[in-house]
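Novice: No sequence on hand, only this structure:
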Ligand SMILES: Cc1cc2nc3c(=O)[nH]c(=O)nc-3n(C[C@H](O)[C@H](O)[C@H](O)COP(=O)(O)OP(=O)(O)OC[C@H]3O[C@@H](n4cnc5c(N)ncnc54)[C@H](O)[C@@H]3O)c2cc1C
Ligand SMILES: NC(=O)c1ccc[n+]([C@@H]2O[C@H](COP(=O)([O-])OP(=O)(O)OC[C@H]3O[C@@H](n4cnc5c(N)ncnc54)[C@H](O)[C@@H]3O)[C@@H](O)[C@H]2O)c1
């Protein structure tokens with residue numbers, strides 16, 4: 001006998017959990033289906049624990065910057081407080097009871113297990129069949145994917161899910177993939193004493209970002225003793241005598257641990273999207289501006305392919321909730337999606353890169369300023385590397401993209417997110433007052449550079 005509800009939410013990542021709670025509080029009957037932990041990847045395996053690693057690693061780096069600036073400091077790294085904080089404060093030892101209680105406290109029925117769409121507006125979880133009068137909201141997120149490299153499958157490699165459970169920093173670590181996960185973790189473990197090698201198939205790190213960001217991180221990594229191998233094709237992986245070896249074709253690299261950080265993918269086959277006419281082999285579920293993916297079907301978060309970020313999942317959740325409740329509101333707008341890579345220096349970015357803007361046929365000019373040449377950068381001295389880069393659409397006289405790399409790059413970018421989102425005329429940005437001596441004051445110099 002099927003159970004009838006108004007909405008079934010499949011997957012309780014950040015957006016799904018939020019949407020389920022809001023819909024229930026609005027008076028709908030809601031079933032939330034979750035196969036692992038309520039809250040999803042972010043609090044247990046991703047954003048929160050990795051940023052705890054980064055915070056601790058940055059403290060070590062700052063301690064090491066004391067000589068020559070503020071006296072003497074002896075820094076001795078210890079992973080135990082990091083592991084303890086992740087276990088006790090962030091994840092409750094990977095126990096979601098608090099989150100589950102919070103959700104059911106809002107009136108959501110929590111159904112534990114793997115949800116499969118078995119017909120329009122119908123979800124099956126084990127032997128339970130849930131019928132959704134208004135429809136299904138999909139928030140299944142992504143899982144790490146490992147490339148089909150000879151010998152890799154079956155070895156005890158780490159993904160982010162194992163890395164955040166590390167009880168000590170490994171003596172040496174190979175990081176396969178120089179994307180966001182790879183560079184954040186590489187630097188964090190390195191600062192705790194691991195000898196780290198990053199192996200990236202593309203010709204640069206952080207390929208989604210401006211080439212200047214890639215060069216900056218490669219330069220900083222080299223200074224910190226992290227080996228970077230770009231344009232590297234791994235022919236085979238071996239795991240013997242508790243060590244991993246990557247065969248790079250003619251030479252090899254070996255370490256105690258291997259972190260595979262080569263991207264993520266949604267399991268649309270497992271979700272059974274063919275039952276609602278969607279392609280199970282696709283990477284994403286296409287959605288419109290209201291997050292609709294079909295009749296009685298909405299999707300939010302990583303699975304929509306609009307950016308794998310918690311802030312995206314939450315943004316889309318709010319729009320989907322409004323649509324499900326029949327409320328008006330703005331359609332989704334992606335021109336100013338912010339992204340921050342939490343390395344030191346942080347790479348904050350928004351909107352289009354220069355290359356993307358040119359590919360779109362825009363008439364582009366750029367402004368650039370090295371952060372260490374700004375007053376604040378000069379005062380800051382050690383650890384002051386970074387830059388601000390602006391991408392202007394000269395046809396409209398507005399910024400369409402920007403990068404703020406450096407100390408607090410993820411905070412500086414906030415001002416530029418407002419500029420890109422609000423389509424603030426560059427002339428208006430030129431006429432603003434920027435506080436002295438802040439890092440964000442360098443935006444004024446970068447704007448002047450647009451005219452140079
Ligand atoms: C190491 C790492 C660090 C990151 N750091 C940041 C960061 O600093 N900032 C940021 O904005 N983003 C960060 N991200 C990305 C962020 O974690 C995701 O974008 C975010 O979790 C949003 O994902 P989501 O809402 O799509 O779902 P997810 O968080 O992936 O959750 C989906 C949930 O659905 C469940 N599920 C899947 N299939 C089914 C099914 N069939 N039935 C029932 N349940 C199912 C899963 O168990 C999971 O709990 C990071 C990612 C990684 C890997
Ligand atoms: N701070 C943040 O907001 C944050 C942090 C971590 C992750 N994330 C999100 O999670 C997503 C996934 O991150 P990710 O780093 O796993 O993926 P990614 O797609 O960002 O990077 C994967 C990298 O692996 C490389 N690669 C692929 N196959 C390879 C191979 N065989 N050998 C060597 N290199 C290979 C790719 O060229 C790419 O550079 C990101 O897109 C991001 O949106 C966000």
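Specialist: Happy to help now that I have it. None of the values given here were measured: they were computed from a predicted structure. Residues are numbered from 1 along each chain as shown. Ligands and ions are numbered 1, 2, ... in the order given.
Novice: residues near the residue nearest to residue 93 when sequence neighbours are not counted, how many?
Specialist: Excluding its sequence neighbours, the residue lying closest to residue 93 (CB to CB, 6 or more residues apart in numbering) is residue 87, at 5.3 Å. For glycine as for every other residue, the C-beta is placed from the backbone atoms N, C-alpha and C. Residues near residue 87, counting by other CB atoms under 10 Å, number 16.
Novice: what does residue 276 give?
Specialist: 21.
Novice: same thing with residue 98?
Specialist: With other CB under 10 Å as criterion, residue 98 counts 11.
Novice: so it touches residue 90, yeah?
Specialist: No - in terms of CB atoms under 8 Å, residue 98 does not count as a neighbour of residue 90; the distance is 11.8 Å.
Novice: What confidence value was assigned to the residue nearest to residue 93?
Specialist: Looking at residue 87, its pLDDT stands at 98.
Novice: Over to the one 4 residues further on?
Specialist: At residue 91, the predicted lDDT confidence score is 98.
Novice: Also the one 10 residues further on?
Specialist: Among the per-residue scores, residue 101 holds a pLDDT of 98.
Novice: now swap in residue 81 and tell me
Specialist: 98.
Novice: Doesn't it lie inside a helix?
Specialist: Yes - judged by DSSP: H, G, I helix; E, B strand; the rest coil, residue 81 forms part of a helix.
Novice: Next, count neighbours for it.
Specialist: 10.
Novice: How about it: what's its closest non-neighbour residue?
Specialist: residue 56 (7.0 Å).
Novice: For that neighbour, what are phi and psi?
Specialist: Torsion angles at residue 56 (phi, psi; degrees, to the nearest 10) stand at phi -70, psi -40.
Novice: Check whether the residue nearest to residue 93 really touches residue 81, as I assumed.
Specialist: No - using CB under 8 Å, residue 87 makes no contact with residue 81, being 10.6 Å away.
Novice: re earlier: so for residue 98 and residue 90, which residues contact both of them?
Specialist: Common contact partners of residue 98 and residue 90 (CB atoms under 8 Å, 6 or more residues apart in numbering): none.
Novice: Tell me the buried residues in stretch 348-367?
Specialist: If you call a residue buried by 16 or more other CB atoms under 10 Å, then stretch 348-367 has these buried ones: 348-354, 356-357, 362, 364-367.
Novice: same question, stretch 81-88
Specialist: So stretch 81-88, judged by 16+ other CB under 10 Å, has buried residues 82, 83, 85, 86, 87.
Novice: is it anywhere near ligand 1?
Specialist: No - judged by CB under 6 Å from any ligand atom, stretch 81-88 and ligand 1 are separated, with a smallest distance of 12.0 Å.
Novice: now that stretch, how far from the chain's geometric center?
Specialist: On the basis of CA atoms, centre = their mean, to the nearest Å, stretch 81-88 is displaced by 21 Å from the centre of the chain it belongs to.
Novice: Spatially nearest residue to the most centrally placed residue in the chain (excluding sequence neighbours)?
Specialist: For the chain, residue 309 is the residue whose C-alpha lies nearest the centre (CA atoms, centre = their mean; 4.6 Å). Sequence neighbours aside, residue 339 is the residue nearest to residue 309 in space, at 6.4 Å (criterion: CB to CB, 6+ apart).
Novice: Remind me which helix or strand residue 388 belongs to.
Specialist: strand 387-393 (DSSP states H and E).
Novice: what packs against that strand?
Specialist: helix 211-224, helix 354-359, strand 364-370, strand 398-406, helix 442-450 (3 or more CB pairs under 8 Å, 6 or more residues apart in numbering; DSSP states H and E).
Novice: Would you tell me which one of these is buried the most?
Specialist: Of the helices and strands packed on strand 387-393, the one with the most neighbours on average (mean count of other CB atoms under 10 Å) is strand 398-406, at a mean of 28.
Novice: Give me the mean pLDDT for it.
Specialist: For strand 398-406, the mean per-residue pLDDT is 98.
Novice: what's the answer for stretch 108-118, then?
Specialist: For stretch 108-118, the mean pLDDT works out to 98.
Novice: got the contact list for it?
Specialist: Residues contacting stretch 108-118 (CB under 8 Å, 6+ apart): 5, 8-11, 20-21, 24, 29-35, 38, 100, 103-104, 123-126, 128-130, 136, 270-273, 275-276.
Novice: Return the distance of residue 437 relative to ligand 1.
Specialist: Residue 437 is 28 Å from ligand 1, where distance means CB to the nearest ligand atom, to the nearest Å.
Novice: ok, so what distance separates that residue from residue 374?
Specialist: 8 Å (CB to CB, to the nearest Å).
Novice: ok, back up a step: export the buried residues of stretch 348-367 to TSV and append columns for distance to ligand 2.
Specialist: Compiled in TSV, the buried residues of stretch 348-367 are given as follows (distance: CB to the nearest ligand atom, whole Å):
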residue	distance to ligand 2
348	10
349	10
350	13
351	15
352	16
353	14
354	19
356	15
357	20
362	24
364	24
365	28
366	23
367	25
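Novice: where does residue 413 fall, phi/psi-wise?
Specialist: phi -60, psi -20.
Novice: Any idea which residue of the stretch 101-250 of the chain lies closest to ligand 2?
Specialist: residue 179 (1.9 Å; CB to the nearest ligand atom).
Novice: just checking, residue 5 is part of a strand?
Specialist: Yes - when three-state DSSP is applied, residue 5 is found to be in a strand.
Novice: List the beta-bridge partners for it.
Specialist: On the basis of DSSP bridges, residue 5 is bridged to residue 132.
Novice: distance of it from residue 132?
Specialist: According to CB to CB, residue 5 and residue 132 sit 6 Å apart.
Novice: neighbour count winner among the two?
Specialist: More neighbours surround residue 132 than the other of residue 5 and residue 132, with 25 against 22 (other CB under 10 Å).
Novice: how near is that one to residue 138?
Specialist: For residue 132, the distance to residue 138 - CB to CB - is 11 Å.
Novice: Quick one: the helices in the stretch 101-250 of the chain, in order.
Specialist: Listed in chain order, the helices of the stretch 101-250 of the chain (DSSP state H, counting those that start in this stretch) span 160-163, 180-191, 211-224.
Novice: Distance from the chain centre to the shortest one, please.
Specialist: It refers to helix 160-163. How far helix 160-163 lies from its chain's middle: 15 Å, per CA atoms, centre = their mean.
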